[in-house]
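In: generate coordinates for the sequence data below:
(one chain, ligands or ions: 2)
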Amino acid sequence: MKDIHTFNRIAPEGLQLLNNEEFVLNEGYDPDAIILRSKDLHTMAFNDSLLAIARAGAGVNNIPVEACSENGIVVFNTPGANANAVKELVLAALVMSARPIYQGLRWVEHMEGDNLPEIVEANKKQFAGTELAGKRLAVIGLGAIGSLVANDAYHLNMDVIGYDPYVSVETAWNMSSRVKKANSLQEVLRDADYVTVHVPVNNHTEGLVNADFLHQMKPGAVLLNFSRDGIIVRDDILTALNNGRLDKYVADFADEAFVRHPKALIFPHLGASTDEAEVNCAIMAVKTLKYFLETGNILRSVNFPTIDIPQQSPLRITIVNRNVPNMVGQISAILAKHFVNIDNILNRSRGNYAYTIIDIPLLEDSLLQEILEDMSKIEGVLKARVINRREM
Ligand SMILES: NC(=O)c1ccc[n+]([C@@H]2O[C@H](COP(=O)([O-])OP(=O)(O)OC[C@H]3O[C@@H](n4cnc5c(N)ncnc54)[C@H](O)[C@@H]3O)[C@@H](O)[C@H]2O)c1
Ligand SMILES: O=C(O)CC[C@@H](O)C(=O)O
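Out: Numbering: from 1, shown residues only. Ligands and ions are numbered 1, 2, ... in the order given. Sure thing, here's the model as predicted:
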C-alpha cells in the first residue's frame with residue numbers, strides 16, 4: 001500500500017484514479033507521495049519514505065525542488081494542464097484594462113429609481129475605454145500559457161510580439177507565424193502598449209520586472225502579471241504607477257501594496273480556477289505519480305530526467321543518485337558479487353542528479369534486501385527501491 005498525502009483541493013476526478021488496493025489517502029504521517037496545489041512546502045520536513053511530490057499545476061516555486069533532489073525525491077508538475085484557463089483570464093484582464101468595465105459595474109450596482117436609464121445614458125461617458133485591436137501586445141515567455149495568449153491576441157487583431165530565448169520546439173510549432181519574434185527584452189518592450197509576462201519564477205527570473213525593465217517600456221503602457229509575484233520588484237512597480245510611467249498593473253497575486261491602488265487591478269490567484277483546469281491538473285498529476293510509483297518510470301519531472309522503459313523482468317530496482325563517475329559500475333558490481341544477471345539497465349542524468357533503472361530476475365527476499373542495502377550505502381546514492389511486478 002502506498003500512502004498519498006494531499007494538500008489543497010485536488011479534484012476527485014483525479015483522486016479516484018488511485019485504486020483502494022494499491023493506495024490510501026491521507027492516512028499516516030509518513031507519506032510515500034504528496035499531491036498538492038499551492039501549499040508552501042518550504043518549511044516542511046520530509047520523511048525518509050517520501051518518494052515523490054506532484055504539483056497539480058505549472059509553477060513549482062512552493063516546493064523546495066533542490067532540497068527534494070538532494071533527498072532523492074522526484075518532483076512532477078502538470079505542464080499545460082491549466083494553460084487555457086489562465087489564457088482566458090489574461091484575455092479578460094486585457095479587456096478589463098482597456099475598458100473600465102469593473103468600475104462601470106460597481107457604479108451601476110448602487111443606482112436605483114425609475115429614471116435609471118436616463119441617469120446611465122447621461123453619465124456613462126466616464127466609463128468609456130479604448131480598443132485592443134491595433135495595439136501592440138508583448139508576450140514574455142512563450143510556453144504553454146504565453147503561446148496561447150499570443151495566438152488569441154493576434155485573433156483579436158492585436159499586433160503581437162513575443163520573447164522567449166528558450167522556446168521549446170513544440171511551442172514554436174504551435175505559434176502563429178503572425179506573432180513577431182523579438183531577440184531581446186529591449187526589443188519586445190520598446191513599443192508595446194500591453195506587456196504580459198508568462199515565465200516561471202526561478203533564480204533567473206526573480207525580480208525580472210524591475211526599474212530597468214519598466215524603464216524600457218513605452219511610457220503609459222499596461223503590465224500584466226499572471227506568472228508569480230516573485231518576478232516583480234514591488235517598489236519599482238509602485239514608483240512607476242505613481243509617477244505615471246506605468247498606466248496600470250494587473251496581477252493575479254494579492255499584495256497589500258496594490259489591492260487598493262487606483263491604478264492596480266488585482267485578482268485573487270484565479271488563473272487556474274476553472275472546473276476544467278482543476279480536473280485536468282488533478283488527472284495529470286495523479287496519472288504521472290501513479291505511473292512513477294507503479295513502474296519507476298519518470299515523465300514530466302522538474303528535477304529528474306525523463307525515463308520510460310517497459311519492465312520485462314519480475315523485479316526492478318530504481319536508484320536516485322548523484323551524477324558522478326562510476327555510479328553504474330558500482331551498482332553493477334554489487335549485482336555481480338551476488339551472481340545476479342542484469343536483464344536491462346538504463347541510467348539517465350539531468351544536471352547534478354541521475355536515475356538508474358535495473359531489471360533483474362526473481363530473487364529471494366533476503367538477498368534482494370541485502371542488495372538494496374549495499375546499493376544504498378554507495379556514496380552518492382540518494383534513494384533506492386524495488387518494484388516487484390508480481391505485486392502490481
Ligand atoms: N496565475 C495562475 O494561476 C497560474 C497558473 C498557471 C501558471 N502560472 C505561472 O505561469 C508560469 C508559466 O506557466 P506555463 O504553463 O506557460 O509554463 P511553461 O513552462 O510552459 O512556459 C514558461 C516559458 O517561459 C520561458 N522562459 C523562462 N525564462 C524566461 C525568460 N527569462 N525570458 C523569457 N522567457 C522565459 C520558457 O522558455 C517557457 O517557454 C508558471 O511557471 C506559473 O508560475 C500561474
Ligand atoms: O492551483 C491553483 O489554483 C494555482 C496553480 C497555478 O499557480 C500554477 O502554477 O499552475
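In: just checking, what packs against the helix or strand of the chain with the lowest mean pLDDT?
Out: Every helix and strand of the chain was ranked by mean pLDDT, DSSP states H and E. The lowest is helix 169-174, at a mean of 86. Helices and strands touching helix 169-174, by 3 or more CB pairs under 8 Å, 6 or more residues apart in numbering; DSSP states H and E, are helix 144-155. C-beta here means a position set from N, CA and C on the backbone, and glycine is covered the same way.
In: what residues sit buried inside the least confident helix or strand of the chain?
Out: Of the residues in helix 169-174, T171 count as buried by neighbour count, 16 or more other CB atoms under 10 Å.
In: closest to the centroid, which residue in this structure?
Out: A58 (1.6 Å; CA atoms, centre = their mean).
In: beta partners of the residue nearest to I309 when sequence neighbours are not counted?
Out: Excluding the flanking residues, the one nearest I309 by CB to CB, 6 or more residues apart in numbering is L346, at 5.7 Å. As for beta bridges, L346 partners with I357 under DSSP bridges.
In: L346 and T356 touch, don't they?
Out: Yes. Judged on CB atoms under 8 Å, L346 makes contact with T356 at a distance of 7.1 Å.
In: residues in contact with the least confident helix or strand of the chain?
Out: With contact meaning CB atoms under 8 Å, 6 or more residues apart in numbering, helix 169-174 is reached by 142-144, 147, 151, 164.
In: make CSV out of the residues you listed and add distance to E187.
Out: CSV is the format used below for the contacts of helix 169-174 (distance: CB to CB, whole Å):
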residue, distance to E187
L142, 14
G143, 19
A144, 23
S147, 18
N151, 20
D164, 12
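In: can you say which of the residues you listed are buried?
Out: Buried residues within these, counting neighbours by 16+ other CB under 10 Å: 142-144, 147, 151, 164.
In: give me the domain ranges for this protein.
Out: What automatic domain parsing lists as the domains of the chain is 1-82+272-304, 83-266, 310-387.
In: end to end, how far does the first one reach?
Out: Spelled out, that is domain 1-82+272-304. End-to-end distance for domain 1-82+272-304, by CA to CA, to the nearest Å: 24 Å.
In: would you agree the residue nearest to the centre of the chain falls within a strand?
Out: No. Assessed with DSSP: H, G, I helix; E, B strand; the rest coil, A58 is coil; it does not lie in a strand.
In: show me the contacts for it.
Out: By CB under 8 Å, 6+ apart, A58 lies in contact with 77-83, 144-145, 200, 272.
In: the residues you listed: which ones sit near ligand 1?
Out: 79, 82-83, 144-145, 200, 272 (CB under 6 Å from any ligand atom).
In: which of these fall in helices?
Out: Within these, residues falling in helices by DSSP state H are 83, 144-145.
In: rewinding a little: okay, L346 and T356: which has more neighbours?
Out: Shown here are L346 and T356; by other CB atoms under 10 Å, T356 has more neighbours (23 against 13).
In: separation between that one and A81?
Out: According to CB to CB, to the nearest Å, T356 stands 29 Å off from A81.
In: for whichever residue of the stretch 151-300 of the chain sits closest to ligand 1, give me its contacts.
Out: Minimum separation of the stretch 151-300 of the chain from ligand 1 (CB to the nearest ligand atom) falls at G271, amounting to 2.6 Å. Counting by CB under 8 Å, 6+ apart, G271 makes contact with 82, 85-86, 89-90, 226, 252.
In: tell me where the stretch 201-350 of the chain has strands.
Out: Ranges of strands in the stretch 201-350 of the chain, per DSSP state E, counting those that start in this stretch, are 221-225, 246-251, 264-266, 315-322, 344-350.
In: which other residues reach stretch 369-384?
Out: So stretch 369-384 is contacted by 51, 69-73, 317-322, 324, 327, 330-331, 334-335, 337-338, 340, 353, 363, 385-386 (CB under 8 Å, 6+ apart).
In: residues from this structure in reach of ligand 2?
Out: Counting by CB under 6 Å from any ligand atom, the chain sits next to ligand 2 at 37-38, 57-59, 82, 271-273.
In: buried ones only from the residues you listed, please, as a ChimeraX command.
Out: Command for ChimeraX that selects the buried part of those, burial taken from 16+ other CB under 10 Å:
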select :37,57,58,59,82,271,272,273
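In: I232: which of the residues of the chain next to ligand 2 is nearest?
Out: Set against I232, the nearest of the residues of the chain next to ligand 2 by CB to CB is G59 (14.6 Å).
In: re the thing from before, can you list the ones next to ligand 1 among the contacts of A58 in TSV and add pLDDT?
Out: TSV is the format used below for the ones next to ligand 1 among the contacts of A58 (pLDDT from 0 to 100):
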residue	pLDDT
P79	97
N82	98
A83	98
A144	96
I145	97
P200	98
A272	97
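In: will you turn the residues you listed into JSON lines that also has distance to K180?
Out: Formatted as JSON lines, the ones next to ligand 1 among the contacts of A58 follow (distance: CB to CB, whole Å):
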{"residue": "P79", "distance to K180": "25"}
{"residue": "N82", "distance to K180": "26"}
{"residue": "A83", "distance to K180": "21"}
{"residue": "A144", "distance to K180": "20"}
{"residue": "I145", "distance to K180": "18"}
{"residue": "P200", "distance to K180": "23"}
{"residue": "A272", "distance to K180": "28"}
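In: ok, those residues vs ligand 2, which is closest?
Out: Nearest to ligand 2 among the ones next to ligand 1 among the contacts of A58, counting by CB to the nearest ligand atom, is A272 at 3.8 Å.
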